[in-house]
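Chemist: from the sequence below, what's the structure:
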Amino acid sequence: MPVPTGYTIASAQYSARRGDIHANLDSHLRMTEAAAAAGVDFLVFPELSLTGYEMDLADALQTTAHDAAFAPLQALAAQHDMRVMVGMPLKAVSGKPYIGSIIFGGASPVTYNKVHVHESEAPYFQGDDKVGLIEHKGARIGLAICADLNHASHAAKAADCGAEIYAASALISTNGYAREAKMLEGYAREHGMAVMLANYATQSGDYIPPGGSAIWDESGHQVAIMDDTEVALVMATKTAENGWVGKVQAFSS
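Modeler: Residues are numbered from 1 along each chain as shown. I've put the predicted structure just below:
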């Protein structure tokens with residue numbers, strides 16, 4: 001079943017403050033409000049967006065999807081019948097935390113945990129083995145976090161589970177961007193699903209990104225990109241006449 005006409009997706013190109021969850025939540029709320037005003041249905045932020053990509057802080061900052069601090073974001077997303085995917089270190093039943101995503105806006109938040117953990121992340125995080133897939137307003141969205149993108153089997157599994165949109169929450173550096181963007185374009189074309197990339201606007205941890213948050217349609221055509229390091233919403237709407245139609249909204253706080 002195709003993505004419903006009128007469904008709007010957005011990648012948040014975003015800048016985090018190191019370890020400052022409250023300040024970062026405030027930025028998420030402002031960007032989510034702007035997305036809601038633009039008619040966005042599904043919004044994805046970069047990897048570990050609520051803390052920044054600060055691996056050394058993961059143990060101290062890890063929490064759960066039901067942390068009371070997240071209540072305003074859950075309420076805002078639910079108010080607009082949106083789904084908002086954010087990044088946070090999440091507690092595991094045992095051992096190290098996960099590099100997690102929380103998807104706000106439904107009756108209760110749901111989570112997806114990164115499957116493929118980088119060697120540099122392994123001292124701080126563990127990987128999970130569950131497929132991330134949500135359904136919203138008739139759209140089926142596969143969920144991915146950064147290094148998941150380097151494994152073609154991950155996108156293939158999402159497609160096999162019925163994903164029509166593949167949403168990638170990431171921190172991609174300038175050195176790796178061209179290669180990984182090409183991979184995402186290829187996944188879109190191979191599996192016939194729209195692909196979203198949410199990347200950081202500015203340095204987080206040791207990594208300097210080029211921006212480049214983008215959306216590709218089911219043929220691998222890039223319909224929207226913020227080809228700069230501004231904070232922005234990169235959006236696309238599914239239309240009956242022209243397929244996915246994209247636009248970019250620079251965001252000023």
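Chemist: just the helices in the stretch 101-250 of the chain please.
Modeler: Ranges of helices in the stretch 101-250 of the chain, per DSSP state H, counting those that start in this stretch, are 152-160, 174-191.
Chemist: can I get those in a markdown table with mean neighbour count?
Modeler: C-betas here are computed from N, CA, C, even on glycine. Listed next are the helices of the stretch 101-250 of the chain as a markdown table, based on neighbours: other C-beta atoms under 10 Å:
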| stretch | mean neighbour count |
| --- | --- |
| helix 152-160 | 17 |
| helix 174-191 | 17 |
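Chemist: which one of those lies nearest to residue 39?
Modeler: When the helices of the stretch 101-250 of the chain are compared by C-beta to C-beta, helix 174-191 sits nearest residue 39, at 22.6 Å.
Chemist: what sits up against that closest one?
Modeler: For helix 174-191, the external contacting residues (C-beta atoms under 8 Å, 6 or more residues apart in numbering) are 149-150, 152, 155-156, 158-159, 163, 166, 168, 170, 172, 193-195, 197, 199, 208-210, 212, 214, 216-220, 222.
Chemist: and that helix with helix 152-160, angle?
Modeler: Calculated by axes from the mean of the first three to the mean of the last three C-alpha atoms, to 10 degrees, helix 174-191 forms an angle of 40 degrees with helix 152-160.
Chemist: mean confidence for helix 174-191?
Modeler: In this model, helix 174-191 carries a mean pLDDT of 97.
Chemist: could you do stretch 34-51 as well?
Modeler: Stretch 34-51 shows a mean pLDDT of 98.
Chemist: hang on, the earlier thing: mind listing which of the contacts of helix 174-191 are in strands?
Modeler: Counted as lying in strands by DSSP state E, out of these, are 166, 168, 194, 195, 197, 214, 216, 222.
Chemist: where does pLDDT dip in the protein?
Modeler: 1, 252-253 (pLDDT under 70).
Chemist: strands along that one, start to end?
Modeler: 8-13, 42-44, 83-90, 98-104, 110-113, 133-136, 139-145, 165-169, 194-198, 214-216, 222-225, 232-239, 243-250.
Chemist: since that was my last question, I'll sign off now.
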